[in-house]
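Enquirer: Coordinates for the following, if possible.
(one chain, ligands or ions: 1)
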Amino acid sequence: MKDLKGYILALDQGTTSSRAIVFDRSGSMLGSSQKEFTQYYPEPGWVEHDPEEIWESQLSVARQAIANAGIAASDVVSIGITNQRETIVLWDRDSGKPVYRAIVWQCRRSTSICEELIQSGLEGEFRSRTGLRLDPYFSGTKLTWLFRENVALRALAENGDLLFGTVDSWLLWKLTGRHVTDVTNASRTLMFNIHEMRWDPLLLSFLGVPASVLPEVLSSSDDFGTTKPELFGYPIPVNGVAGDQQAALFGHSCFKPGMAKNTYGTGCFCLLNTGTRPVESKNNLLTTVAWKIGNTVTYALEGSVFIAGAVIQWLRDEMKLIDSAPESEALARSVETSNGAVMVPAFVGLGTPYWDPEARGAILGITRGVNRAHIVRAALESIAFQSEDLLEAMSGDFGQGVQTLKADGGATANAFLMQFQADISGIPVVLPEIAEITALGAAYLAGLRCGYWESCEDIERNWRLKTRFDPDMSDKKRIMLLESWHKAVAATREYKQ
Ligand code: ADP
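Expert: Predicted structure coming up:
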């Protein structure tokens, strides 16, 4: 099947924009397109999207990417989808119309429902079955909120008239007419048992969600249906689906246990492949499904840093210390050290492994000699320190350290940051030639199923190195810097308003 001609189309449905990219067999991009869509903030802490706008933007960029690649729809052998995770859509089975705006992963409206479940002593039950924490971030309690707020919707759901889906599922419904999802997206809902790999009736009863609303769960590389002919003028099979972070892990070819990637965007998302073993975390990491291919389920440990690249935006927009994000690199390099300054950017609390929602940011160790460059350097260093905390937590849980960190995301453009990460973690950090690693992961999952790529080894050959950063710091200095970072975190957490 190696001579299967054509290209793979990846749909990358993100939180702020919909994108589509056409890839060839070498993993190179032939054409792409991107469109932003509206963010709704109806109340403080609430975030919504319009599902129809998500769909329309996604369809239009898909068509445009095909046009930009200079190919015909009939040249697309398969479609892969990757998406913002945990965001929920609820729609009418007959009309296909959404019955409510999409409730976005960032939305905190179900905080009190989570607290209620925790107070009922159910956190352990959710954790052991789903690998997740009871946090409004995940889909399940968003659905509970919707059914409690709107009893009419609840009645319709119980009658079997409504369908629920994460964003992949909504797009698949529009593309192929099937009500399906994949294991990675299902594993982020608080309703999916990651050991038995099925919706969990007990958790559904705790959440008050009728099973009739749930999609069928397929593998990540599977037959998700064929696009309705009128959409692209040609029916195209959809063969790959994965949530964005899992797709990035796959796109980086982190196929073996012990391999990890870190995405440096607004926040950081770090995933470690733990193989066929779901590792229960003692360090506040999440256990999640990395992908399922054939009958084999691969699991991952996941940790996140809430404020990473965002601290650079803050320096630029709020503090006016820099004019642009790239300027931060030159400034950080203009000094030898942060001169004792340590920044803990806990603007919205601290993520893994601290999970301290009440913590707020601090800059410690300031003396008269600390200047703008030192503060900027301390901000960049804080991104690496926080990521190192994740890696350390992962090593502890997995029983073995990460050998090499594969990196992607906007802030990887900062070579100072990447070098500092390698130094502080004591491992090489590598950047791939292809920046669009998340979309590529979805393309790979699709292409594996339809025989465009024959095996993971086939795909691995496409991972071409762009830059490698080797650790170049003495252990003594590394340990000293980490010690002062941890002291600063402790002091920051101590302070509560
Ligand atoms: P997201 O997908 O979360 O929107 P991106 O992967 O597009 O994020 O990365 C954007 C983030 O990267 C921003 O927070 C920005 O501050 C940061 N960033 C971009 N370039 C640099 C740079 N040269 N140095 C440090 N941070 C950067």
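
Enquirer: For whatever residue of the stretch 51-200 of the chain ends up closest to the ligand, grab phi and psi.
Expert: At 10.1 Å from the ligand, Gln84 is the closest residue in the stretch 51-200 of the chain, using C-beta to the nearest ligand atom. The C-beta positions use only the backbone N, C-alpha and C, and glycine is treated the same way. Torsion angles at Gln84 (phi, psi; degrees, to the nearest 10) stand at phi -60, psi 130.

Enquirer: What residues does the stretch 351-497 of the chain have near the ligand?
Expert: 409-411, 413-414 (C-beta under 6 Å from any ligand atom).

Enquirer: and the one helix or strand Thr492 maps to, what other elements does it pack with?
Expert: Assigned by DSSP states H and E, Thr492 belongs to helix 475-494. On a contact count with 3 or more C-beta pairs under 8 Å, 6 or more residues apart in numbering; DSSP states H and E, helix 475-494 meets strand 342-344, strand 362-364, helix 372-398, helix 415-425.

Enquirer: got a markdown table for those, with distance to Thr263 too?
Expert: Shown next, in a markdown table, are those (distance: least, C-beta to C-beta, whole Å):
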| stretch | distance to Thr263 |
| --- | --- |
| strand 342-344 | 21 |
| strand 362-364 | 25 |
| helix 372-398 | 10 |
| helix 415-425 | 13 |
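
Enquirer: want to throw these into CSV with mean neighbour count and mean pLDDT?
Expert: Shown next, in CSV, are the helices and strands packed on helix 475-494 (neighbours: other C-beta atoms under 10 Å; pLDDT from 0 to 100):
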stretch, mean neighbour count, mean pLDDT
strand 342-344, 25, 98
strand 362-364, 18, 97
helix 372-398, 23, 97
helix 415-425, 22, 98
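
Enquirer: Of those, which is nearest Arg25?
Expert: Evaluated over the helices and strands packed on helix 475-494, closeness to Arg25 peaks at helix 415-425, with 28.9 Å, by C-beta to C-beta.

Enquirer: Show me what whatever helix or strand comes next after that closest one is packed up against.
Expert: Reading on from helix 415-425 to the C-terminus, the next helix or strand found by DSSP H and E is strand 429-432. With contacts taken as 3+ C-beta pairs under 8 Å, 6+ apart, strand 429-432 sits against strand 405-408, helix 415-425, strand 465-469.

Enquirer: In the sheet, which strands lie alongside strand 429-432, parallel or antiparallel?
Expert: strand 405-408 (parallel), strand 465-469 (antiparallel) (DSSP bridges).

Enquirer: ok, now which ones touch the most centrally placed residue in the chain?
Expert: Residue closest to the average C-alpha location in the chain (C-alpha atoms, centre = their mean): Gln245, at 3.4 Å. Neighbour list for Gln245: 85, 263, 269, 271, 302 [criterion: C-beta atoms under 8 Å, 6 or more residues apart in numbering].

Enquirer: any idea how far it lies from Leu465?
Expert: Distance of Gln245 to Leu465, given as C-beta to C-beta, to the nearest Å: 22 Å.

Enquirer: Show the contacting residues for Pro215.
Expert: The contact partners of Pro215, taken as C-beta under 8 Å, 6+ apart, are 163-165, 169, 179-181.

Enquirer: Show me how to select, in ChimeraX, the buried members of the contacts of Gln245.
Expert: To isolate the buried members of these in ChimeraX, using 16 or more other C-beta atoms under 10 Å:
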select :85,263,269,271,302
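
Enquirer: Might you specify the subset of the contacts of Gln245 located within strands?
Expert: Using DSSP state E, the subset of those located in strands is 263, 269, 271, 302.

Enquirer: With distance to Val348 and pLDDT as extra columns, can I get these in CSV?
Expert: Output for the ones in strands among the contacts of Gln245, formatted as CSV (distance: C-beta to C-beta, whole Å; pLDDT from 0 to 100):
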residue, distance to Val348, pLDDT
Thr263, 18, 96
Phe269, 15, 95
Leu271, 21, 98
Glu302, 18, 97
